[in-house]
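Q: predicted model follows, preceded by the sequence.
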Amino acid sequence: MEIKIAEPMDERTARYVEAFQRMIQTETISSGEDDPEKFVRFQALLKELFPHVFAVCEIENFDGSLLLKWKGQGAEGDPVLFMNHQDVVEATGEWEHEPFSGEIADGRIWGRGTLDDKGGLWGMLQAAEELMTEGFTPKRDIYFESSRNEEINGAGSNRISKELKQRGMRFDYVLDEGGMIVEEPIGGAKGYFAMIGVGEKCTTNLKFIAKSSGGHASTPGKNTPLVRLAKFMAAAENSSIFKVELSPVIAEMLRRVGPHMTSPLKEVMSHPELFKPAIEKAMPAISPTAGALLKTTLAFTMAKGSDGRNVLPQEAWVVGNMRCSHHQGLKESVHAIKKLAAKYDLTMEVLDKGFPSPLSDFNGAAFKRVEEAVEAVFPGVPTVPYIMTGASDSRFMSRVCDQCIRFSPFSIQAKQLGSVHGLNENVEVKCLVPAVDFYRYLMERV
């Protein structure tokens, strides 16, 4: 596809745009229907765009998920792992610009994967390519990992992490996708903030089943399966079975964001230890996102009743997607909702067990190194720790690393944040150069 540049660009930016567009134009949707050939094509493109990376690094292919080793000078210390995935979610609906066009308009590159997560993958590999071209060799080994199924189940990274653990590998730190430089991450916090994820909630899917003897819809009894499910879902939404708690990470997040807020929230948020009960009560009212930071959440996503309009179902079910807080945990959260379901004569199946992973230390060396890189490349942007409500491949790397940090070096506004997994995903062209500089900063200091 011909590259169209809508406005003048410097040589470096134009070169970056051309390569990044080609990555967006190569569709890599992952779904339940396995199609490894699209990833073969995409990896052939990566080898073309980043020839030094694929010539210098030792490469292992785990059924389409890649692990690359850039051998260092042999300095003491554990290696570092950089991660970004290859696959993207589907791009349905009406887009302003075709989702796999990589079109440039209004100073932005448009397309599925620009933010999640080909932007990070491109920036990471571009930084390494430039450093290798310049003859740079890191003091310690650097690894790059890129799975092809992060958007489904993370099977590639899960497998690779098990293999690394089997080899006795440990990493100094892991950097994966996650937070970004976000405009007004909490209502009232004016400006841009580098939201750096130090962990993520464990995700599990649960199936709630109601059974009966069925029957004709003309003579319904009380508490038929769908009614019991409805009562249960309403109860789950309005219950307090999931514990609300202002964790140390979220308290630190508010402490750093608070000084940038307007009164009276400025005083409250700046001193979360003094206003803990008020904050725990107020945050769910600010937004669903803010509320989700304080407790386990359960969202009902799928349902089925009978196959006939006039038939009472013998069995009906709903699926709930649960994101477990660290303070309540997977086991306790599942037990709490199972107990509630039993009150409505429902049985529960755990469809997938989830993968709990610990929190990293926002006072630790890994977090501080990312802070240094943000300050160097994005001077004046405050860094803020937080807990991701979504999932990333880095959760599996907790098997081989105590400090897994989640951050992508791109600046976005609220509308762009909503485009991730939604319509009209895009990234500003001016973000490309700083993204490469961010990764270069870290790689030069490994």
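A: Right, received. Where do you want to start? The shown structure was predicted, so the numbers you read here are calculated from the model rather than taken from an experiment.
Q: tell me who's in contact with Glu200.
A: Listed by C-beta atoms under 8 Å, 6 or more residues apart in numbering, the contact partners of Glu200 are 178, 357, 387-392, 394-395, 406. Where you see a C-beta, it was placed from the backbone N, CA and C, and this is true even at glycine.
Q: please pick the buried ones from these.
A: With burial judged by 16 or more other C-beta atoms under 10 Å, the buried subset of the contacts of Glu200 is 178, 357, 387-389, 391-392, 394-395, 406.
Q: give me the subset of those residues lying in strands.
A: Counted as lying in strands by DSSP state E, out of the buried ones among the contacts of Glu200, are 178, 387-388, 406.
Q: I'd like these written out as a markdown table, with distance to His326 added.
A: Converted to a markdown table, those look like this (distance: C-beta to C-beta, whole Å):
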| residue | distance to His326 |
| --- | --- |
| Gly178 | 16 |
| Ile387 | 7 |
| Met388 | 11 |
| Arg406 | 14 |
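Q: before we move on, the earlier item: pull the most distant pair out of the contacts of Glu200.
A: Farthest pair in the contacts of Glu200 (C-beta to C-beta) is Thr389 and Ser394. Separation: 14.6 Å.
Q: the strands in the stretch 251-400 of the chain, which residues?
A: 297-304, 311-312, 315-324, 347-352, 383-388 (DSSP state E, counting those that start in this stretch).
Q: buried residues in the third one?
A: In terms of neighbour count (16+ other C-beta under 10 Å), strand 315-324 has its buried residues at 316-320, 322-324.
Q: out of the residues you listed, who's nearest Leu432?
A: Leu432 lies nearest to Arg323 out of the buried residues of strand 315-324, by C-beta to C-beta, at 31.8 Å.
Q: nearest to Gln73 among the buried ones among the contacts of Glu200?
A: Closest approach between those and Gln73, by C-beta to C-beta: Ser394, at 26.1 Å.
Q: I'd assumed Val174 was in contact with the closest one.
A: Yes - assessed by C-beta atoms under 8 Å, Ser394 is found in contact with Val174 at 5.5 Å.
Q: any shared contact partners between the two?
A: By C-beta under 8 Å, 6+ apart, the residues touching both Ser394 and Val174 are 83, 404-405.
Q: got the residue ranges for the helices in this structure?
A: Assigned by DSSP state H, the helices in the chain fall at 11-25, 36-49, 51-56, 118-133, 155-166, 225-238, 248-257, 265-270, 276-286, 288-292, 329-342, 365-377, 414-419, 432-444.
Q: now the strands for the stretch 51-200 of the chain?
A: Taking DSSP E, counting those that start in this stretch, the strands of the stretch 51-200 of the chain run over residues 58-62, 65-70, 80-83, 104-105, 108-110, 142-146, 173-183, 192-200.
Q: looking at these, which is buried most?
A: strand 80-83 (a mean of 26; mean count of other C-beta atoms under 10 Å).
Q: out of the helices of the chain, deepest packed?
A: With neighbours defined as mean count of other C-beta under 10 Å, the helices of the chain peak in mean count at helix 118-133, which reaches a mean of 23.
Q: and that one, what other elements does it pack with?
A: Other helices and strands packing on helix 118-133, by 3 or more C-beta pairs under 8 Å, 6 or more residues apart in numbering; DSSP states H and E, are helix 11-25, helix 36-49, helix 51-56, strand 142-146, strand 404-412, helix 432-444.
Q: can I get those in JSON lines with distance to Lys276 and mean pLDDT?
A: Output for these, formatted as JSON lines (distance: least, C-beta to C-beta, whole Å; pLDDT from 0 to 100):
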{"stretch": "helix 11-25", "distance to Lys276": "44", "mean pLDDT": "97"}
{"stretch": "helix 36-49", "distance to Lys276": "47", "mean pLDDT": "96"}
{"stretch": "helix 51-56", "distance to Lys276": "48", "mean pLDDT": "98"}
{"stretch": "strand 142-146", "distance to Lys276": "38", "mean pLDDT": "98"}
{"stretch": "strand 404-412", "distance to Lys276": "26", "mean pLDDT": "98"}
{"stretch": "helix 432-444", "distance to Lys276": "34", "mean pLDDT": "98"}
